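*Asks:* structure for this input, please:
(chains A, B, C and D)
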Number of protein chains: 2
Amino acid sequence: MSKITITDVARRANVSIKTVSRVVNGEPNVRDGTRERVQQAILDLDYRPNPSARSLATQRSYLVALIYDDPDAYEAPSCGYVVNLQQGLLSACNARGFDLLIHPANYRDSKALENIAKMIAHARPEGVVLAAPLSNMPDVVATIEDSGTRLIRLSPGACATGQFVETDDAEAAQAMTSYLASLGHRRIAFVRGHAKHSAVQLRLSGYKAGLRASGLNLDPALIVDGDNSIASGEDAAAQLLALEQPPTAVFAANDDMAAGILRTASRFGVNVPDQLSVAGFDDISLAQQIYPALTTVRQPLRAIAYRAGEMIIDDVQGTHEDNVIPAEIVVRESTAPLARKH
Amino acid sequence: MSKITITDVARRANVSIKTVSRVVNGEPNVRDGTRERVQQAILDLDYRPNPSARSLATQRSYLVALIYDDPDAYEAPSCGYVVNLQQGLLSACNARGFDLLIHPANYRDSKALENIAKMIAHARPEGVVLAAPLSNMPDVVATIEDSGTRLIRLSPGACATGQFVETDDAEAAQAMTSYLASLGHRRIAFVRGHAKHSAVQLRLSGYKAGLRASGLNLDPALIVDGDNSIASGEDAAAQLLALEQPPTAVFAANDDMAAGILRTASRFGVNVPDQLSVAGFDDISLAQQIYPALTTVRQPLRAIAYRAGEMIIDDVQGTHEDNVIPAEIVVRESTAPLARKH
DNA sequence: GACAAAAGCGACAGCGTTGTCATGCTGCTG
DNA sequence: CAGCAGCATGACAACGCTGTCGCTTTTGTC
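*Replies:* Numbering: from 1, shown residues only, chains lettered A, B, ... in the order given. I've put the predicted structure just below:
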């Protein structure tokens, strides 16, 4: 019930309220002695500036909003996605005296756009961070931009206009491919994802770059199509295992397909990782729940969200590199060094 | 960039700002004609009251804070718990023009209490909802209560002083145990959760009561410890399956551990549910994604959080029954009648 | 040591609401 | 029809802070 106001502090420090304001906001032109006196008074009284009064006077809200797809209908993976983004963004906000508003939006709901507009009009955040997959839906983006609020998009994919933060999918795919090569694998297959998913193209080119970097040749027979589903991973694996010279490692463009590969391998009696190494992409929570737990690529979600918060609050544009956060390879049980031929 | 203020509305409706204020806040003593005129002006101008100004004038924050255990690391899929609570509470808040502040607190961090106090002093929420397992940590509770903020605890377990909302974990656990017994199982194991999580104690006693109610004896060897993680579920299962007389059913105190049990069973070549029935607790989304889909106890998390929001904002005390939201047994594929011995 | 420039500080007016109180009007009572 | 309660409304002062501007000092310069 802290009823201590700036006036109380001013009286105790024997200065005007304006000087207290200067000290609190770190403004210049305050003599050291005076500053210390004021700071002591603040400490003594345990004074906390009233955020509402400050907002009213400065015409700012000191608020950032995070809008993400409502994981209600969505499955478990997006829970982890959401929570990590929240925490990353929250850290950035708290470090700067900002508060965070969360706004789950179900894009299947016809009122989703209206709700977003309503939230922005009501709370007036200084910026909005828009998480994938909402970040590449034109109507959602338009709704936010129309409100005049600064917008940072997360992993917006191909149509990356405006400000955004993302990971370099190509680089990550290259790193994973190189990792597999470093385990001794020379026949490394790649399962492509759904053509519409723009990151998929990047992952493929990263795979190719990884092969090159490891001095391996590209065998077109080792690149097969999938559509991001578990079933398509099963099919792809069946196709690959039927090859005359089957691969000893398979890198799937997402975790679901990798899970499908695991299933097929199990059905074919192929042991993972002893006979076949399997790697995925995304680190959905399924990845650690299946057996064997999946070696995969993890997006540094907290770092991404933190960066987005910085961009909004510190109002920095940032070079392109600053906004591309490198991904991380998570080695679990589904990959192993290539067994020597006897 | 809505710079429309109450003054603009007043001018357009040809009334004083005070009358606009009356209409906006649904106060009495406004002639119908005047009210309509004002409402039309509000619509025409798309006027939104400035929350900061309102807060300043009313000395209220229109804020509710949700404090929960930081599901640190990507490993803990307890984030489904968090996300559901957030959404339930958010619904309650938004319906009443309140905003929600989220505050993940890592109780292993020595500054956790300090951070909570700081958040409350800074944002001055009108109430705090404290999620389990934080809700039964005396120092956390004390910190919040010392701030003078209204506190609603979620599933506070044994030490339920003050206001709280919970499900009857003991009753639910008893029901699940009885259900397993009704399938013919006579050796039903129980995997305990993290000792600090007090609901765990209730679930254990519910398990015991369920055994009693079904006329089964308690075998101490069938009660093993876990720490709520998948890994601990794996370990627990390994321990149970190695028993001379292994159980035919295992009831885990949460779904993560149940998932771990499933993994170990698969690794041991034990078929679920034919050779082993497995039941969990919580109904996290993982429960229905894994194979076999998990029979479990569902806590109505959103309803619980919504209720907590109501209690804070509407300032209702509520009878005890109002604040105990019944849980539900969800039967899926991981449990089956005990196979007859041949 | 004179003078300009800059530093240090305070008075006061907002910021957009709500609360308080005064005022005029309406309708009812006797 | 006087008298009065109560309804409808408005004027104006908070609420706690920052921005602007002006007044004193201090500092720097030759």
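*Asks:* grab the longest helix from chain A for me.
*Replies:* Longest helix of chain A, by residue count under DSSP state H: helix A:77-95.
*Asks:* okay, now the sheet partners of the helix or strand following that helix, with direction.
*Replies:* Scanning forward in sequence from helix A:77-95 by DSSP states H and E, the next helix or strand is strand A:99-105. Strand A:99-105 has the following strand partners under DSSP bridges: strand A:63-69 (parallel).
*Asks:* now the strand it pairs with: mean pLDDT?
*Replies:* The average pLDDT within strand A:63-69 is 96.
*Asks:* and if you look at stretch A:268-285?
*Replies:* Rounded mean pLDDT across stretch A:268-285 is 92.
*Asks:* close to DNA strand D: what parts of chain A are there?
*Replies:* For chain A, the contact set with DNA strand D under CB under 7 Å from any atom of the strand comprises A:3, A:5-7, A:17-18, A:20-21, A:24-25, A:47-50, A:53-54, A:56-58. For every residue, glycine as well, the C-beta is placed using N, CA and C.
*Asks:* which residues in chain A form helices?
*Replies:* Using DSSP H, helices in chain A cover A:6-13, A:17-24, A:32-45, A:51-58, A:77-95, A:112-123, A:138-146, A:169-182, A:198-213, A:230-241, A:255-267, A:286-289, A:301-313.
*Asks:* of the residues of chain A next to DNA strand D, grab the buried ones for ChimeraX.
*Replies:* Buried members of those, defined by 16 or more other CB atoms under 10 Å in any protein chain shown, are picked up in ChimeraX with:
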select /A:5,6,20,21,24,47,48,49,50,54,56
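*Asks:* out of the residues of chain A next to DNA strand D, who's near DNA strand C?
*Replies:* Filtering the residues of chain A next to DNA strand D for proximity to DNA strand C (criterion: CB under 7 Å from any atom of the strand) leaves A:17-18, A:53, A:56-57.
*Asks:* in the stretch 1-150 of chain A, where is pLDDT below threshold?
*Replies:* Where the stretch 1-150 of chain A drops to pLDDT under 70, the residues are A:1-2, A:71-78.
*Asks:* related to what we said a few turns ago, which strands or helices does the longest helix of chain A pack on?
*Replies:* Counting by 3 or more CB pairs under 8 Å, 6 or more residues apart in numbering or on different chains; DSSP states H and E, the packing neighbours recorded for helix A:77-95 are strand A:63-69, strand A:99-105, helix A:301-313, helix B:79-94, strand B:99-105.
*Asks:* what sits against the residue positioned nearest the centre of chain A?
*Replies:* Among the residues of chain A, the one closest to the centroid is residue A:301, at 3.2 Å (CA atoms, centre = their mean). Residue A:301 sits next to A:81, A:84-85, A:88 when contact means CB atoms under 8 Å, 6 or more residues apart in numbering or on different chains.
*Asks:* repeat for residue A:339
*Replies:* By CB under 8 Å, 6+ apart, residue A:339 lies in contact with A:274-275.
*Asks:* run the last query once more with 7 Å
*Replies:* Going by CB atoms under 7 Å, 6 or more residues apart in numbering or on different chains, residue A:339 touches residue A:274.
*Asks:* same check, this time on residue A:164
*Replies:* A:152-154, A:156, A:323.
*Asks:* rewinding a little: CSV for the helices and strands packed on helix A:77-95, including distance to DNA strand C?
*Replies:* Formatted as CSV, the helices and strands packed on helix A:77-95 follow (distance: least, CB to the nearest atom of the strand, whole Å):
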stretch, distance to DNA strand C
strand A:63-69, 16
strand A:99-105, 19
helix A:301-313, 22
helix B:79-94, 18
strand B:99-105, 16
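*Asks:* reformat the ones you listed as TSV; add distance to residue B:221.
*Replies:* Shown next, in TSV, are the helices and strands packed on helix A:77-95 (distance: least, CB to CB, whole Å):
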stretch	distance to residue B:221
strand A:63-69	46
strand A:99-105	45
helix A:301-313	42
helix B:79-94	31
strand B:99-105	37
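*Asks:* before we move on, back to that, and the ones next to DNA strand C among the residues of chain A next to DNA strand D as CSV, adding distance to residue A:294?
*Replies:* Below are these laid out as CSV (distance: CB to CB, whole Å):
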residue, distance to residue A:294
A:17, 60
A:18, 60
A:53, 52
A:56, 52
A:57, 53
